[in-house]
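**Student:** Next input, structure requested:
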Amino acid sequence: MSEILKIQSISRHFGAVKALQNVRFTVKKGEVVALCGDNGAGKSTLIKIISGADTPTKGEIYLDQKKVDFSSPADALEKGIATTYQDLALAPDMKVYENIFMGAELMSKSLIPGIRVLDKKQMKKQAVAYLEKLNASVKDADALVNTLSGGQRQAVAISRALRWNAQIVIMDEPTAALGVKETQGVLELIRQLKAQGVTVLLISHNMEDITMVADRAIILKGGMKLGECDLKNTSPRDLGKMIINGERPEDGKMF
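**Tutor:** Purely as a prediction, here's the structure:
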């Protein structure tokens with residue numbers, strides 16, 4: 001797999017507070033990488049920078065081996081990085097297809113010259129196609145978002161990211177407050193993204209979820225990168241020990 005994202009010596013200071021210090025790592029195309037750490041570790045600040053919501057004090061971001069600077073989340077989205085936060089930022093009283101195409105509505109010509117109207121038929125058709133691509137349980141593009149389950153809303157948010165042709169999807173606590181069945185559905189959505197070659201950055205406090213879907217974990221502590229590990233043979237318990245103690249359980253050495 002080729003490298004799609006490179007975080008090079010990123011630091012973010014708020015006055016005397018050093019939220020991030022010299023964080024660096026790379027992510028390959030189609031990889032699922034978890035950003036782990038306790039509260040205050042720097043995860044939120046880091047994803048704000050990667051998603052264009054904040055700018056680093058120093059350091060650089062490379063996308064497809066090209067240096068990028070984001071002026072806003074919209075700018076990052078145009079360059080291929082989409083973020084789904086815990087609240088999902090969906091419009092609950094709007095329909096599924098309206099949410100997926102929000103800000104990127106399809107238009108068609110009307111019978112009146114020079115007048116264009118919303119192409120609802122095409123948007124519904126494409127919305128269903130995006131949802132089917134994820135094997136989502138949402139079948140009705142006309143359904144109001146406020147009638148959907150938490151897992152189904154995640155599918156709508158991810159479909160919106162796919163609509164923008166996102167190469168990287170950042171998912172912030174995607175299974176928080178979800179039941180067991182809905183959580184499994186969201187984890188399957190992540191697997192579907194990986195299968196389609198979409199890179200996922202996953203932020204979660206749930207060690208079991210992380211070890212079930214992520215390829216690697218980047219562990220932060222006090223704004224610094226403590227280490228990283230392959231999760232192929234790592235248990236949730238061992239990952240938790242790494243985050244808390246900063247050492248590999250099997251040999252007690254720092255990693």
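**Student:** Which of the three states applies to residue 49?
**Tutor:** helix (DSSP: H, G, I helix; E, B strand; the rest coil).
**Student:** again with residue 33
**Tutor:** From three-state DSSP, the assignment for residue 33 is strand.
**Student:** So it sits against residue 201, correct?
**Tutor:** Yes - between residue 33 and residue 201 a contact is recorded at 5.7 Å, counting by CB atoms under 8 Å. Every residue, glycine included, has its C-beta placed from N, CA and C.
**Student:** and for these two, which residues touch both?
**Tutor:** The contact sets of residue 33 and residue 201 overlap at residue 27 (CB atoms under 8 Å, 6 or more residues apart in numbering).
**Student:** where do the helices sit along the stretch 51-200 of the chain?
**Tutor:** Using DSSP state H, counting those that start in this stretch, the helices of the stretch 51-200 of the chain run over 73-78, 96-100, 120-133, 150-163, 180-195.
**Student:** and the third one, which residues are buried?
**Tutor:** It stands for helix 120-133. For helix 120-133, the neighbour count (16 or more other CB atoms under 10 Å) marks 120, 123, 124, 126, 127, 128, 130, 131 as buried.
**Student:** quick one: it to helix 180-195, angle?
**Tutor:** 100 degrees (axes from the mean of the first three to the mean of the last three CA atoms, to 10 degrees).
**Student:** Show me what helix 120-133 is in contact with.
**Tutor:** Here helix 120-133 makes contact (CB under 8 Å, 6+ apart) with 96-98, 100-101, 105-106, 108, 138-139, 141-142, 155-156, 159, 162-163, 192, 196.
**Student:** can you tell me the average pLDDT over it?
**Tutor:** Predicted confidence along helix 120-133 averages 93 (mean pLDDT).
**Student:** tell me the angle it makes with helix 150-163.
**Tutor:** If you take the same axes, to 10 degrees, helix 120-133 sits at 110 degrees to helix 150-163.
**Student:** Kindly report the same for the longest one.
**Tutor:** Per the same axes, to 10 degrees, the angle that helix 180-195 makes with helix 150-163 is 20 degrees.
**Student:** So for helix 180-195, what gets flagged as buried?
**Tutor:** Buried residues in helix 180-195, counted by 16+ other CB under 10 Å: 182, 183, 185, 186, 187, 188, 189, 190, 192, 193, 194.
**Student:** Give me the contact list for that helix.
**Tutor:** Contacts for helix 180-195 (CB under 8 Å, 6+ apart): 30-32, 133-137, 149-152, 154-155, 158, 169, 171, 174-175, 178, 200, 202, 209, 212-213.
**Student:** Can I have the buried ones of the contacts of helix 120-133 as a ChimeraX selection?
**Tutor:** Selecting only the buried entries of the contacts of helix 120-133 in ChimeraX, with 16+ other CB under 10 Å as the criterion:
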select :96,97,98,100,101,138,141,155,156,159,162,163,192
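**Student:** For residue 101, see how far away the most centrally placed residue in the chain is.
**Tutor:** In the chain, the C-alpha closest to the average C-alpha coordinate belongs to residue 170, at a distance of 1.5 Å (CA atoms, centre = their mean). Residue 170 sits 21 Å away from residue 101, going by CB to CB, to the nearest Å.
**Student:** Show me the strands in the protein, by range?
**Tutor:** Residue ranges of the strands in the chain, as given by DSSP state E, are 3-14, 17-28, 32-36, 58-63, 66-68, 81-84, 107-109, 116-118, 168-172, 199-203, 216-221, 224-230.
**Student:** Could you tell me the end-to-end distance of stretch 225-242?
**Tutor:** Stretch 225-242 has its terminal residues 12 Å apart, counting by CA to CA, to the nearest Å.
**Student:** now swap in stretch 109-121 and tell me
**Tutor:** Stretch 109-121: ends 13 Å apart by CA to CA.
**Student:** May I see the buried residues of it?
**Tutor:** 119, 120.
**Student:** Model confidence for the nearest residue to residue 144 once chain neighbours are set aside, exactly?
**Tutor:** Among residues not flanking residue 144 along the chain, residue 95 sits closest, at 6.0 Å (CB to CB, 6 or more residues apart in numbering). The score at residue 95 is 96. That number is its pLDDT.
**Student:** Please consider this matter closed, and thank you.
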